Structure formats: structure tokens, C-alpha cells
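J.: return a 3D structure for these sequence lines:
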Amino acid sequence: MSHHHVSKAVVLLSGGLDSTTTLAIARDQGFVCYCLSFRYGQRQEVEIARAAAIARHYGCQHLVLRLDLHRIGGSALTTEAPVPKDRPVERMADEIPPTYVPARNIVFLAHALAWAEAIGARDIFIGANAVDYSGYPDCRPEFLDAFAHMANVGTKAGVAGAGFQIHAPLLRLSKAEIIRRGVALGVDYAMTHTCYDPGPDGLACGRCDACLLRRRGFAEAGVPDPIAYSV
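T.: Okay, the predicted model is just below:
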């Protein structure tokens, strides 16, 4: 591919395991990646720091946008509501969890779409994953297809015919498969942050849904998890 035809992609980067693996996959596919993160009133400022470090590690431009989602509320991630602990993984599938943030991926993808259009990118990568009992409606293929359709109907670039694609390379992978894929691409998972409720020392709690799914994923992948947990 000649250098002036380099394809740009916007990659949603939270600083977590899924989005970091997604960035590695996008780069492996030859995209020049522009990483987008959001400061949206979530508990962990540590997420933004990790995302910035990961973008730096991969030599990518990194944009952090401030969104006032905490003022809208409705999620345990953005309010003082307690984060559930010690739930059996099977139960996680039964309900949309309190950590669901209203319309989050719609809001995030809309910003990714705006930046993509501004920089001439036609590809957007998101670490959405529908396998591991996430229970999040905005991680389903029907949603991503609908968003892509909307993007192509409602933007100058979409109407001009170039067309946007929403890539969700992890959509149908289990957590263990995601980890194996990342390890094969040389991802250093010590850089990532997963916990919904880290302690004051920044250590992962080891007991929230996110920690439990991560720990099970590493165990099933047969790979040691390089981060520390408080329990």
C-alpha cells in the first residue's frame, strides 16, 4: 500500500483489556490509529492515565474528551451507588447490570464518528463484546449495524459514498480468546485497568463483575494475569 493511501482509524480506548486488544488488532490490520477516550465522571481517573500510557506505547495520537455523563446519572459507575461484588458469573447474564451507563456506546461512537469524519477516517474500532455475559444492549451486533447505517445516512462523508465501517473484532470472542489473541499480538496486559472499584492504592478489588470476568479469562487462557489484586 503506497504511503499516501494509509488508512486511518479511530479506536475507542478505555484503558481496559478489551479496548487495548482492539487497538493491537487495528494496528495489526495496518491502520494508523487515532485513540479516543472520555473523561465522563467515571470513578477511575486511573482509566484515563492507563489509556494515555497505552496510546503513547503504541505511538498513537490520543484525544480525551470531557463528557458530563455523571450529571445525567443512572449508573453505578458514575454515582455513589455500590458496585456489585462476588456475583456468580452466570448471574451476570440475567440482567442489565447497574454499571450500565445510559446510552454510553451511542454517545461514545457519535464522538468517534465526528472525529473520524474530521480526520478523513472511515473506520471506527470498538472493543464491544457480546459473549461473556456482559448483558449490555449496546454491545450487540444489531446495535453496531444500526449505528453504521445511521452514520452513513447522517454524515457528509457517508452521503458522499465513502461509507463508515464500525469494527468490533472482539464481538464474538470469549474473554480467554481475547487474551490469547492479544498475547499473540504482543499486548502487555500489565498496562491495562479493568476493575470497577479500585482501592485508594489503585489496586483492583478482585471481586466486582469486571475483575471476576478478567480473572476467569486469564485462568481459562492459561496465561498469568500481570496485574495485582487487593484480594
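J.: gap between Glu142 and Tyr136?
T.: Here Glu142 is placed at a distance of 13 Å from Tyr136 (CB to CB, to the nearest Å). Backbone N, C-alpha and C define where each C-beta goes, glycine included.
J.: in PDB, list the C-alpha atoms belonging to the strand ranked longest in the chain.
T.: Using DSSP state E, we find that the single longest strand of the chain is strand 32-39. Taking C-alpha atoms only, strand 32-39 is exported to PDB below (Å, rounded to 0.1, in the frame of the first residue of the first chain):
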ATOM      1  CA  VAL A  32      -2.900   4.300  11.500                       C
ATOM      2  CA  CYS A  33      -4.800   4.600  14.800                       C
ATOM      3  CA  TYR A  34      -6.200   7.700  16.500                       C
ATOM      4  CA  CYS A  35      -7.200   6.800  20.100                       C
ATOM      5  CA  LEU A  36     -10.300   8.400  21.700                       C
ATOM      6  CA  SER A  37     -11.000   8.300  25.400                       C
ATOM      7  CA  PHE A  38     -13.600  10.000  27.600                       C
ATOM      8  CA  ARG A  39     -13.500  11.600  31.000                       C
END
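J.: contacts for the following helix or strand past it next, please.
T.: Elements were assigned by DSSP states H and E; along the chain past strand 32-39, the next helix or strand is helix 45-57. Contacts to helix 45-57, defined as CB atoms under 8 Å, 6 or more residues apart in numbering, come from residues 13-16, 19-20, 23, 35, 37, 39, 61-62, 64, 188, 191-193, 198, 202.
J.: for this protein, which segments count as strands?
T.: Secondary structure of the chain (DSSP E): strands located at 8-12, 32-39, 61-66, 123-125, 165-167.
J.: including mean pLDDT, could those go into JSON lines?
T.: What follows is those, written out as JSON lines (pLDDT from 0 to 100):
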{"stretch": "strand 8-12", "mean pLDDT": "98"}
{"stretch": "strand 32-39", "mean pLDDT": "96"}
{"stretch": "strand 61-66", "mean pLDDT": "96"}
{"stretch": "strand 123-125", "mean pLDDT": "98"}
{"stretch": "strand 165-167", "mean pLDDT": "97"}
